[in-house]
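> Structure, please.
(2 chains)
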Protein chains: 2
Amino acid sequence: MGAKARPSSAQGPSKSAITRERIITAAAQVLAERGYAGTKLSDIAERAEMKAGSLYYHFEDREDLVDHVLKRGVDESFRRVKTALKALPKDAGHVRKLETAIDAHVHSILQFGDVTSASLQLLRQLPPELQPRYRREQQRYGAVWHKLIVAAQNDGAIRDDLDPVRLRLFILGQLNWVADWPRTAVGDRDELRKEAVALVLHGVVPSREGR
Amino acid sequence: MGAKARPSSAQGPSKSAITRERIITAAAQVLAERGYAGTKLSDIAERAEMKAGSLYYHFEDREDLVDHVLKRGVDESFRRVKTALKALPKDAGHVRKLETAIDAHVHSILQFGDVTSASLQLLRQLPPELQPRYRREQQRYGAVWHKLIVAAQNDGAIRDDLDPVRLRLFILGQLNWVADWPRTAVGDRDELRKEAVALVLHGVVPSREGR
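Numbers count the residues shown, from 1 in each chain, chains lettered A, B, ... in the order given. The predicted model follows:
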């Protein structure tokens, strides 16, 4: 596994890195449309507008490419949420942390929607022996959320009458689904991010004092 | 299209109707795992534990079966939400209506999760010429939600600073995702339904007067 590494210059990603991204996105789209079993490397090459043979310059084989799609979805969200949380001041409260994690997660979905959507769908289509390694990644990411939620509940910053595991799944489901929205509904991305945060934190019913 | 109709007795669904349900569920599972292009009728028969030839007694062909899976997901939610809304007293308020719709939708997801999950995933995998008819069904169902949301916003029963289309997609995404939760997370279904309603209505932050 592991695609061949290419150096990236100080000016930004190398041409090769950009091509790899294009291939991963194309692979995600084709995998989402045709499924794991129905996707051929030649379909992916066609979508990426390159020759099938050239794919081998960037990825070892179909499985290597699938591996990248699967890891990318979770990895991007994980990386962004961790980075955003680290950037908070030390004394940031629980609600602020949650807000930050929600915003960072949606941000990654908006940017890597095709990949997230494909990877979540692919997970179920994988041969059973390949599933554990990806599930583990998902669980590691889930653990970050679990910690945030439980800490906030323990301190009374968020309601504690909701099961923390279900709460996490409700939140992530709501946010992940954005990847499958019709493009026309997405609209202004900054608005969408704000709305996602507002909805999770406060729901749709205005609090009494705000009326 | 249209599977051959079988009479159902006054005692409940006929044996044939039960078999048809088993086939539709099996088809949904296999389609979710292998994708539209990768699913053969023989795979579905194997999952339903019957001979491929017997499927033809219940469905005309692979496309007819796919058609049933695709329509079933939306249909069940649609039917339940409409029924639940109709059962409300005439003077039920907007929030009560929303609560009712959320609860009925989750209920259908909990019961027909495999089919909902498969049908939402399948929609993207369909050949473009087949998509419009299913999208239309989805849109008709979406319109019921849209009306609820806009009426509630207009009357100030729910906050009006959220775009009604995005709000609907956030809510349905959160609820639909339940179909893909790990079984262990689902837990008590009545609890889950209550939590889904509470979360959409009030979010995670306790309102100030409740603290």
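> As a check, name the ranges of all strands in chain A.
Taking DSSP state E, chain A contains no strands at all.
> Which residue does it have closest to chain B?
residue A:35 (1.8 Å; C-beta to the nearest C-beta). Any C-beta I mention is one placed from the backbone N, CA and C, and that applies to glycine too.
> show me the residues around that residue that make contact.
Residues near residue A:35 by C-beta atoms under 8 Å, 6 or more residues apart in numbering or on different chains: A:125, B:34, B:35, B:36, B:37, B:38, B:125.
> Kindly report the same for residue A:83.
residue A:104.
> And for the closest residue to residue A:110 other than its chain neighbours, the neighbour number?
Distances taken as C-beta to C-beta, 6 or more residues apart in numbering or on different chains place residue A:189 nearest to residue A:110, at 5.4 Å, with adjacent residues excluded. Residues near residue A:189, counting by other C-beta atoms under 10 Å in any protein chain shown, number 13.
> Quick check: residue A:189 touching residue A:108?
No. Here residue A:189 lies out of contact with residue A:108, judged by C-beta atoms under 8 Å, at a distance of 11.9 Å.
> Overlap in contacts, those two.
With C-beta under 8 Å, 6+ apart as the test, residue A:189 and residue A:108 reach no residue in common.
> Go through stretch A:182-195 and flag the buried ones.
Residues of stretch A:182-195 classed as buried: A:186, A:192, A:193, A:194, A:195 (neighbour count, 16 or more other C-beta atoms under 10 Å in any protein chain shown).
> which residues touch residue A:13?
Residue A:13 makes contact with residue A:21, according to C-beta under 8 Å, 6+ apart.
> What segments of chain A are helices?
Assigned helices in chain A, in chain order: A:15-38, A:41-47, A:52-58, A:62-86, A:94-125, A:131-154, A:164-176, A:183-186, A:189-202 (criterion: DSSP state H).
> Between helix A:164-176 and the fifth one, find me the angle.
Using axes from the mean of the first three to the mean of the last three C-alpha atoms, to 10 degrees, the interaxial angle of helix A:94-125 with respect to helix A:164-176 works out to 80 degrees.
> any idea of the mean pLDDT in helix A:94-125?
The pLDDT scores in helix A:94-125 average 89.
> elements contacting that helix?
Contacts defined by 3 or more C-beta pairs under 8 Å, 6 or more residues apart in numbering or on different chains; DSSP states H and E place helix A:94-125 against helix A:15-38, helix A:62-86, helix A:131-154, helix A:164-176, helix A:189-202, helix B:15-38.
> Report the inter-axis angle for the last one versus helix B:62-86.
Meaning helix B:15-38. Relative orientation of helix B:15-38 and helix B:62-86, computed by the same axes, to 10 degrees: 120 degrees.
> Please state the offset of helix B:15-38 from the chain centre?
Remark: helix B:15-38 is offset 15 Å from the chain centroid, using C-alpha atoms, centre = their mean, to the nearest Å.
> Please identify the buried residues of it?
Neighbour counts over helix B:15-38 (16+ other C-beta under 10 Å) mark B:17, B:19-20, B:23-36, B:38 as buried.
> Just checking stretch A:192-205 against chain B, any contact.
Yes. Under the criterion of C-beta under 8 Å from any C-beta of the partner chain, stretch A:192-205 makes contact with chain B via A:192, A:195, A:196, A:198, A:199, A:200, A:201, A:202, A:203, A:204, A:205.
> coming back round to it: quick check: the two most widely separated of the buried residues of stretch A:182-195?
Maximum pairwise distance among those (C-beta to C-beta): 13.4 Å, between A:186 and A:194.
> Would you list the phi and psi of residue A:158?
phi -130, psi 160 (degrees, to the nearest 10).
> swap that for residue A:182, please
Per degrees, to the nearest 10, the backbone of residue A:182 is at phi -60, psi 140.
> now do residue A:48
According to degrees, to the nearest 10, residue A:48 has phi -80, psi 0.
> distance of it from residue B:112?
37 Å (C-beta to C-beta, to the nearest Å).
> Equivalent analysis for residue A:16, please.
Distance from residue A:16 to residue B:112, by C-beta to C-beta: 46 Å.
> so where's chain A uncertain?
A:1-11, A:208-211 (pLDDT under 70).
> at 50 what do you get?
A:1-3, A:5-9, A:209-211 (pLDDT under 50).
> how about JSON lines for the helices and strands packed on helix A:94-125, with distance to residue B:154 added?
Shown next, in JSON lines, are these (distance: least, C-beta to C-beta, whole Å):
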{"stretch": "helix A:15-38", "distance to residue B:154": "37"}
{"stretch": "helix A:62-86", "distance to residue B:154": "36"}
{"stretch": "helix A:131-154", "distance to residue B:154": "34"}
{"stretch": "helix A:164-176", "distance to residue B:154": "24"}
{"stretch": "helix A:189-202", "distance to residue B:154": "18"}
{"stretch": "helix B:15-38", "distance to residue B:154": "38"}
